[in-house]
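Visitor: Curious how this folds, go ahead:
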Amino acid sequence: MEAEIKQAYPTAHVALIEGSDGIFDVHLGDALIYSKEDMFGGRFPAPGFIAELIGLSLTI
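Guide: Numbering: from 1, shown residues only. The predicted model follows:
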C-alpha cells in the first residue's frame, strides 16, 4: 500500500504505525480517511482505493 500511495503521490510522507490483528487506519493530516475496523467491516481495501480516497480528500 505504501508503494501505491508513493506512486500516486511521489512527495507523500507515508508512515507505518503497527496495530494489532491486521487492523489499520489511514490518515491524511489529522483526518481519518479509512479505517479497516470501523468504516468498512474489516475488509482490506481494493488496489487503488486508498490513493483514490486521498485524491478525493485533497480536492475538498
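
Visitor: Three-state assignment for the residue positioned nearest the centre of the chain, please.
Guide: Nearest residue to the geometric centre of the chain (CA atoms, centre = their mean): V26, 3.7 Å. Going by DSSP: H, G, I helix; E, B strand; the rest coil, the secondary structure assigned to V26 is strand.

Visitor: so it touches F44, yeah?
Guide: No: shown here, V26 and F44 do not form a contact pair, counting by CB atoms under 8 Å, at 11.9 Å. Quick note: C-beta positions are derived from backbone N, CA and C, even for glycine.

Visitor: follow-up on the earlier one: for beta bridges, what are the partners of the residue nearest to the centre of the chain?
Guide: Beta bridges link V26 to Y34, judged by DSSP bridges.

Visitor: tell me the contacts of it?
Guide: L32, I33, Y34, S35, I50, L53 (CB atoms under 8 Å, 6 or more residues apart in numbering).

Visitor: 7 Å instead, please
Guide: Contact partners of V26, counting by CB atoms under 7 Å, 6 or more residues apart in numbering, are I33, Y34, I50.

Visitor: Distance check, it against L16.
Guide: Using CB to CB, to the nearest Å, one obtains 11 Å as the distance from V26 to L16.

Visitor: Next: A31.
Guide: From A31 across to L16, the span is 18 Å (CB to CB).

Visitor: And A3, by the same measure?
Guide: Using CB to CB, one obtains 12 Å as the distance from A3 to L16.

Visitor: Fine by me, thanks again.
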